[in-house]
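>>> Following is a predicted model, sequence given first.
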Amino acid sequence: MIPATVGKKTMNLCLILTVLLLLVIAVSQHDAVNTYSPSDADNLDVILFNDGSFKINVRGQTWLTSANMFFNSNGRTYAQWRDLILSNIDKINGYDTTGTYKQTTYTFEAGPSKVNAAVRVYDAHPIVYFTQTFENGANRTKAASPINKTISGFPSFQVKGVTTAQGPLGYLAYCGYHTGDKSKAFGIFSPTELNITDGIEFGPITLFDGSGDTLVISSASKFMSVNNWFNKDGDKSTLSYGIMGGVDNVPAGFSVDFIVYYSSQGINQAYEGWGEHLRGLYGRSDEFIRNDLTLNYLGYETDNGSYYYYVVESGKTYQDTILDVLDYAKQLLIPYRYIQYDSWWYFKGFGGGVKSWEARPDIFPDGFQYVHNKTGLPSLGHNRWWSNDTVYAKQNGGQYNFIVESTTGKAVPNDQKFWDDLLENATSWGLVTYEQDWLNVEFDKVDALHSDVSLGDTWLTQMGKAAAKNGITIEYCMSPSRHIMHALQTNAVTQTHASNDYIPGKDQWEIGVSSIFAYAMGIVPIKDAMWSSTIQPGNRYNKTEPNTELQLAVSVLSTGAVAIGDRIGYSNATLIMRCCNAEGLILKPSKPATAVDDQIYQTALGGHYSNGVEGHVWTTYIEVGGLKFGIIFVPDIYGVYSITPTKAGFRNIMTGKQMMVFEARDMRNMSAFSDQAPLRISGCIKSKPCTYHVTPVLTQNPSILMLGELTKVVPVSPQRVTKIDVTGNDVKVYLKGVPSEGVYFTFSIDSNIVTISCTFGNSRTAVLDVTAKTCQ
Ligand SMILES: *[C@@H]1O[C@H](CO)[C@@H](O)[C@H](O)[C@H]1NC(C)=O
Ligand SMILES: *[C@@H]1O[C@H](CO)[C@@H](O)[C@H](O)[C@H]1NC(C)=O
Ligand SMILES: *[C@@H]1O[C@H](CO)[C@@H](O)[C@H](O)[C@H]1NC(C)=O
Ligand SMILES: *[C@@H]1O[C@H](CO)[C@@H](O)[C@H](O)[C@H]1NC(C)=O
Ligand SMILES: *[C@@H]1O[C@H](CO)[C@@H](O)[C@H](O)[C@H]1NC(C)=O
Ligand SMILES: *[C@@H]1O[C@H](CO)[C@@H](O)[C@H](O)[C@H]1NC(C)=O
Ligand SMILES: *[C@@H]1O[C@H](CO)[C@@H](O)[C@H](O)[C@H]1NC(C)=O
Ligand SMILES: *[C@@H]1O[C@H](CO)[C@@H](O)[C@H](O)[C@H]1NC(C)=O
Ligand SMILES: *[C@@H]1O[C@H](CO)[C@@H](O)[C@H](O)[C@H]1NC(C)=O
Ligand SMILES: *[C@@H]1O[C@H](CO)[C@@H](O)[C@H](O)[C@H]1NC(C)=O
């Protein structure tokens with residue numbers, strides 16, 4: 001776990017002078033000022049003025065300056081320094097589950113509405129909260145653009161270029177659907193270069209200068225009810241956070257929170273700290289993830305990009321096609337453990353939405369239960385948005401409460417019983433994971449979801465509760481950031497698509513950046529389906545997949561689904577089995593592989609950053625029995641990049657042991673790996689991606705290294721290795737596997753490569769003795 005706090009305060013003279021100077025300026029401008037500096041978060045200062053304006057400083061330099069706050073009420077906008085009247089300021093010292101804090105609350109009259117704007121700075125955490133409360137509610141609040149704007153703005157920030165000692169401030173913004181991947185944006189934080197999708201598809205924004213100093217800005221509560229709004233207006237540009245623009249009525253006492261989180265240790269660390277704080281706050285647990293069959297085992301997919309997406313074997317029904325796929329897999333000993341059934345099996349209604357989530361008789365002539373019985377496998381069931389003619393709605397003669405919109409042609413359930421019944425009914429055909437796709441369309445296109453402040457929360461909470469009741473997990477697809485953050489409150493949501501639907505040969509595998517966000521929220525990022533062989537004749541996409549190894553490696557390293565969408569007769573079993581043990585258990589790393597900070601700095605800051613990398617460099621680690629192993633995965637790179645353990649994010653795995661590094665195809669060529677001995681990387685391309693393994697020296701004399709099961713993407717994993725005993729110069733490795741499964745485990749002993757073979761018996765365990773070169 002990453003501590004939520006950062007190192008000791010180290011204020012130098014220069015910094016103190018800067019702060020003093022700021023105080024002088026501030027006092028002359030705004031009468032009075034308070035500076036709050038979280039004591040453990042050395043470099044962060046929040047400076048509050050007595051009119052409610054503020055600055056956020058990093059190492060004494062102002063990164064964020066407030067702009068006018070505003071609140072809508074009674075058909076108009078009340079803005080700071082115009083007609084928003086400050087009536088009270090209240091300062092308290094408080095305490096909550098995060099720790100002690102200092103909070104300043106400004107109370108304003110926005111016409112008939114009494115609103116509070118509070119700033120809370122934690123004493124020992126690099127965390128600032130901004131809270132808006134509509135004390136007595138507000139009427140007629142709707143913004144000019146319900147989709148893109150907000151009805152309130154606090155915090156509001158000026159968007160203007162900031163130059164630190166390192167150079168200009170850059171940004172990364174998660175925007176749009178697929179976990180903020182679809183329209184994610186990078187660049188210089190300035191009015192001309194900030195280019196984000198705001199409004200209902202907004203997401204967390206990160207500011208950085210390349211030195212490690214990083215701020216993350218996001219919502220922190222009521223995730224389905226808030227937006228940001230980038231008002232692009234030259235020097236007067238602002239970025240405001242508030243309740244979404246479509247809301248026309250705010251109930252009394254309604255309050256929303258936003259957070260600014262600081263880290264001195266780069267983007268990955270900032271997200272981990274930010275995520276750890278929010279997960280703690282909402283009690284997010286990974287229990288559903290650990291037990292999620294579709295995350296732990298190999299599966300077969302019929303999603304967009306798969307061969308059998310709205311396509312069947314000639315002269316066969318879908319039912320027979322699915323059964324034939326499994327017969328073929330049996331011949332090749334490919335142990336699929338579940339089947340994903342995409343949108344082709346149920347009834348569509350108006351505009352292509354879901355009319356009835358029941359199997360169509362022309363698709364499954366003998367019914368879904370029959371198919372489930374025949375396959376003997378659990379199901380991952382896809383679903384879309386609801387059409388306004390859905391049979392479940394009372395308006396259409398059904399049994400359940402829905403909001404039905406003939407203006408949009410869509411509907412949204414508003415009934416716990418509906419979700420309970422829907423998912424319980426689906427357990428009869430083996431549903432273990434419910435895939436809610438088109439989350440952006442359902443939210444963005446149903447008016448009620450952005451005019452009602454609580455409907456979005458109700459919708460997802462009911463879905464999540466029903467899943468939990470039925471022991472089912474939820475996979476999000478086409479999800480904007482708001483839904484991902486809402487899942488902090490919905491533990492049954494275990495996985496999310498982190499990029500576009502799979503298209504053979506395309507760059508849909510680029511999930512290294514969106515995985516940072518998903519991982520922070522405690523949700524597993526998934527890559528979607530893949531083909532295991534290049535040519536799949538007659539496919540509907542008229543495409544080939546030249547980078548099958550890359551596809552498999554990304555799937556495994558995501559820690560999410562490994563899901564094959566091959567045509568019958570066109571699977572490469574050797575490649576597929578690089579993911580898993582003999583019964584399809586995925587051998588995976590301890591966290592999703594994520595893009596290194598240098599990749600993001602380079603993309604955002606370009607020529608302003610000199611140590612970047614062009615292309616993709618992702619890292620992850622594996623923790624096994626107290627030992628840690630690293631993986632540096634390089635799918636694609638231009639030029640040469642020199643990476644150290646610190647740049648790889650491996651601070652936590654360099655635990656005093658000497659580390660060595662080797663490329664998976666070239667294990668005889670090993671180098672020491674430390675901040676003094678970086679690894680130089682070049683020549684990795686999509687058709688031949690590089691995987692560097694970082695492994696500890698287990699004993700000195702002889703020098704023993706465990707390279708592991710080199711036929712697998714992850715050669716040492718907790719799914720295979722349960723314990724590593726190092727006593728003196730003796731190394732024993734405890735393994736688990738499947739009866740009659742054979743495993744080759746490789747070691748380097750004084751630079752000699754030694755491979756020891758093991759075969760598991762009915763005990764499913766084996767002990768490998770490196771000195772004796774035996775395995776029993
Ligand atoms: C909102 O409208 C209701 C009903 O007309 C009224 O009772 C209430 O005072 C209004 N609230 C505000 C803050 O204007
Ligand atoms: C919202 O912004 C998008 C571009 O981001 C624009 O195409 C659209 O017209 C805007 N909608 C409204 C209602 O302003
Ligand atoms: C903003 O981003 C969009 C989509 O990512 C891109 O098409 C457009 O060119 C960008 N605009 C600027 C000014 O960079
Ligand atoms: C599925 O199998 C169960 C028990 O094995 C049986 O009771 C049921 O009738 C079968 N259903 C179908 C539709 O084949
Ligand atoms: C659904 O919406 C469409 C388009 O808005 C409308 O034409 C149709 O009558 C609606 N159907 C029902 C059942 O409400
Ligand atoms: C669940 O099944 C029952 C019994 O067949 C049926 O009456 C009900 O409509 C179904 N509900 C849903 C939401 O599928
Ligand atoms: C299938 O995936 C492609 C590429 O991601 C996308 O352009 C297309 O819209 C998707 N089709 C459907 C029906 O979702
Ligand atoms: C399929 O792709 C090939 C090569 O890209 C192209 O020559 C051919 O015209 C395409 N066929 C169809 C039906 O689009
Ligand atoms: C199958 O995959 C393996 C492992 O990537 C590869 O070595 C082999 O060439 C592939 N076989 C075919 C027929 O492409
Ligand atoms: C392997 O050998 C090359 C030179 O042939 C060297 O550049 C590289 O750093 C070596 N180490 C690793 C881990 O690949």
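Sure, I can see it. Ligands and ions are numbered 1, 2, ... in the order given.

>>> okay, now the residue in the stretch 51-200 of the chain positioned nearest to ligand 4: neighbour count?
Proximity of the stretch 51-200 of the chain to ligand 4 (Cβ to the nearest ligand atom) peaks at residue 178, 36.0 Å away. All C-beta spots, glycine's among them, are computed from the backbone N, C-alpha and C. Number of residues near residue 178 (other Cβ atoms under 10 Å) recorded here: 28.

>>> That one and residue 497 touch, don't they?
Yes - using Cβ atoms under 8 Å, residue 178 is in contact with residue 497, at 5.3 Å.

>>> Common neighbours of these two, please.
The contact sets of residue 178 and residue 497 overlap at 477, 478, 479 (Cβ atoms under 8 Å, 6 or more residues apart in numbering).

>>> give me every residue that touches the residue of the stretch 51-200 of the chain closest to ligand 4.
Residue 178 neighbours (Cβ under 8 Å, 6+ apart): 477, 478, 479, 496, 497, 498, 499, 500, 514.

>>> so where's the protein uncertain?
Scanning the chain for pLDDT under 70 picks out 1-32, 39-42.

>>> domain assignment for it?
According to automatic domain parsing, the chain comprises the domains 1-30, 35-282, 287-579, 616-775.

>>> which of the contacts of residue 178 has the most neighbours?
Most surrounded of the contacts of residue 178: other Cβ under 10 Å gives residue 498, at 33 neighbours.

>>> partner residues bridging the closest residue to that one other than its chain neighbours?
Sequence neighbours aside, residue 525 is the residue nearest to residue 498 in space, at 3.6 Å (criterion: Cβ to Cβ, 6 or more residues apart in numbering). Under DSSP bridges, the beta-bridge partners of residue 525 are residue 496.

>>> which ones are touching residue 525?
179, 495-498, 511, 514-515, 518-519, 558-560, 592.

>>> taking those one by one, which sit in strands?
Secondary structure assignment by DSSP state E places 495, 496, 497 of the contacts of residue 525 in strands.

>>> Surely the last one is in contact with residue 523?
This means residue 497. No - in this structure, residue 497 is not within contact of residue 523 by Cβ under 8 Å, at 10.6 Å.

>>> Which neighbours do these two have in common?
Residues touching both residue 497 and residue 523 (Cβ under 8 Å, 6+ apart): 179, 476.

>>> where do the strands sit along the stretch 551-700 of the chain?
Assigned by DSSP state E, counting those that start in this stretch, the strands in the stretch 551-700 of the chain fall at 563-564, 594-595, 614-624, 627-638, 641-643, 659-663, 666-672, 679-681, 690-699.

>>> The stretch 151-300 of the chain now?
152-153, 156-158, 163-164, 167-168, 170-173, 185-188, 205-208, 214-219, 226-231, 238-243, 249-250, 254-263, 299-300.

>>> For the fifth one, list every residue counted as buried.
If you call a residue buried by 16 or more other Cβ atoms under 10 Å, then strand 170-173 has these buried ones: 170, 171, 172, 173.

>>> Relative to ligand 1, which of these is nearest.
Using Cβ to the nearest ligand atom, the buried residues of strand 170-173 come closest to ligand 1 at residue 173, 33.7 Å.

>>> Am I right that the closest one is in contact with residue 201?
No - contact between residue 173 and residue 201 fails when scored by Cβ under 8 Å: they sit 10.7 Å apart.

>>> returning to what we had before: ok, and which of the shared contacts of residue 178 and residue 497 reach ligand 1?
Subset of the shared contacts of residue 178 and residue 497 in contact with ligand 1: empty, counting by Cβ under 6 Å from any ligand atom.

>>> now these as JSON lines including distance to ligand 9?
Below are the shared contacts of residue 178 and residue 497 laid out as JSON lines (distance: Cβ to the nearest ligand atom, whole Å):
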{"residue": "477", "distance to ligand 9": "28"}
{"residue": "478", "distance to ligand 9": "31"}
{"residue": "479", "distance to ligand 9": "32"}
